[in-house]
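Student: this one's sequence-less:
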């Protein structure tokens, strides 16, 4: 990346790029948590998405098929978590951790012959005339398709959760699974679906890292983005539009930190690299400090297993 | 059709059989994975699970790898019992090594039996203080300890990178980002105690602490309060247990244990601080804790099994050109199976004819 021209417009374009993987993973996890499931395996699903997307894109020479492969990969690996937590009633915290450990190992195994390869470039969506406008063109009309997709996805999730019947049912499973069950809804199946959606979103986010952001494959390349996405959901108080805010704020911090490093500021690079993680902690503290508010926002059945005895 | 039926009492038999089942299932599915990769599954399984326990050289290495895993897992298990999820042991491991190592490097050139114990105290304190960050933020601000402790792993990794390039760098190391070798310096090197089994002073401390953990959980009131908090937080509050104290104690113990493990790794197997110093023991220890059923004796056995997979994995890298990541896949798989089989403890599978 070139930081020699630190114009605000260029910074914002970079910021959006840095924020998109977090945004994709966080909006998926938001749906999962709204259904009452805490999936701590976001990091694992992301890295699986990163490697699946990379392998598919390199072999088919199509970044779009790569994204599709990443979504499928993320969803498939999340099914292991879904089956264990929903039908074998395993502890969600431990199973999520297992998913992350397994995903990191599996991704390294799958990607071992892909080190040092460059993936096919993803074309930007340019609109004739509009993209050439000063400032506005750069800010709104010259991104790659995934960025538009991620914003559209947030609106779709908002609409689904707040304006559709199916969304209401999903939220009911998260707020009171006994009640949802007694109304005849299949809580486990609904949660299974939500987990797979979360897996697909995390997979897309991972592929964005390996296909667009970096772009190449290295082991453990998601470097904690999945965990930051989990914190963003808390920051957003489980509201979709605030996920955008949170993700873009983090994108901004990442870019600021990287550009300060590139400028050769007297603060050492290792200290600057810590900032996104430290900011995550600060954000978590601020959002959780008001216990009453935090408990109203969080889905009431978050992290609890459901087993219908009849 | 199969249906799950709740058992009137959790099954004791299943509690002990399921970890063994999980290991066996991992061998079977892992074998299938090797077959898919074009590697002879029988050779691979033998190298990973049997060879580390039969070959005498491997046996001496086994305890070297198992000690840190068991020590960290012992600390973590106490927290997991109370529902306090410290998953940042890797960070506490690093901080223990940095603070203990810093003491050793500051005293470079001096001699005395007290240097290594002093380093151990510094390491335990470093790890415990690092773990106190999530504890305080949880108690005071209700911040999720899972995310905070994990974020601190990345902070600790960056801090380590800074330290080995900066104040802790070997002044005679020609600018390489690494510290002096503490294992090659008499006063700071971890002494061997029982060579044929690879038991060093760290291993002895680990065994003593494991016994202390057993005592804490079985005989001490604090252990009872920890278990009570995990099994019924409401009942614990009525009984007057202060949740804040439990959180602080659990994170403090696990942080100190991880910090000590970091120092033993530094003064023993690793020797010097480099950016590659952390090798994931803090995360593997989570698997050890669960595979050992959060029970000190179980953890001892589970630690040996997982240490075996590390050693087997290293040997298999040479013999079968197996990638290093395969071991992580195996470990993740093992945890999946274990968590899945856990349902057999509280439920039994019944056939229902409709």
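Tutor: Received the coordinates, thanks. All figures in this text were calculated on a predicted structure; none of them were measured in a lab. Numbers count the residues shown, from 1 in each chain, chains lettered A, B, ... in the order given.

Student: Could you report the neighbour count for the residue of the stretch 101-250 of chain B found nearest chain A?
Tutor: Distance from chain A to each residue of the stretch 101-250 of chain B (C-beta to the nearest C-beta) is smallest for residue B:162, at 3.8 Å. C-beta here means a position set from N, CA and C on the backbone, and glycine is covered the same way. Using other C-beta atoms under 10 Å in any protein chain shown, residue B:162 has 20 neighbouring residues.

Student: Spatially, what comes nearest to it if we skip its sequence neighbours?
Tutor: Of all residues not flanking residue B:162 in the chain, residue A:270 sits nearest, at 3.8 Å (C-beta to C-beta, 6 or more residues apart in numbering or on different chains).

Student: need the contact list for that neighbour.
Tutor: B:158, B:159, B:161, B:162, B:165 (C-beta atoms under 8 Å, 6 or more residues apart in numbering or on different chains).

Student: and the third one, what helix or strand is that in?
Tutor: Remark: residue B:161 resides in helix B:145-165, with elements defined by DSSP states H and E.

Student: how about the residues of the stretch 1-150 of chain A near chain B?
Tutor: A:40, A:80, A:83-84, A:88-91, A:93-95, A:97-99, A:101-109, A:112 (C-beta under 8 Å from any C-beta of the partner chain).

Student: Now a PyMOL select for only the buried ones of the residues you listed.
Tutor: Buried residues among the residues of the stretch 1-150 of chain A next to chain B (16 or more other C-beta atoms under 10 Å in any protein chain shown), as a PyMOL selection:
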select buried, chain A and resi 40+80+83+84+88+89+90+91+93+94+95+97+98+99+101+102+103+104+105+106+107+108+109
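
Student: now residue B:316: how far from residue B:59?
Tutor: 17 Å (C-beta to C-beta, to the nearest Å).

Student: Of those two, which one has the most company?
Tutor: residue B:316 (25 against 16).

Student: right, and that one touches residue B:324 too?
Tutor: No. Counting by C-beta atoms under 8 Å, residue B:316 does not reach residue B:324; the two are 9.5 Å apart.

Student: For whatever residue of the stretch 201-310 of chain A ends up closest to chain B, what is the enclosing helix or strand?
Tutor: Nearest residue of the stretch 201-310 of chain A to chain B (C-beta to the nearest C-beta) works out as residue A:270 at 3.8 Å. Assigned by DSSP H and E, residue A:270 falls within helix A:269-289.

Student: for that helix, which positions count as buried?
Tutor: A:269-281, A:283-285, A:287-288.

Student: Check stretch B:245-256 too.
Tutor: If you call a residue buried by 16+ other C-beta under 10 Å, then stretch B:245-256 has these buried ones: B:246, B:247, B:248, B:249, B:250, B:251, B:252, B:253, B:254, B:255, B:256.

Student: elements contacting the helix or strand of chain A with the lowest mean pLDDT?
Tutor: In chain A, the helix or strand scored least confidently by mean pLDDT, DSSP states H and E is helix A:136-140, which has a mean of 71. In terms of contacts (3 or more C-beta pairs under 8 Å, 6 or more residues apart in numbering or on different chains; DSSP states H and E), helix A:136-140 is packed against helix A:8-34.

Student: Roughly how far does the residue nearest to residue A:300 when sequence neighbours are not counted sit from residue A:298?
Tutor: Excluding its sequence neighbours, the residue lying closest to residue A:300 (C-beta to C-beta, 6+ apart) is residue A:175, at 4.9 Å. To residue A:298, residue A:175 is 10 Å away according to C-beta to C-beta.
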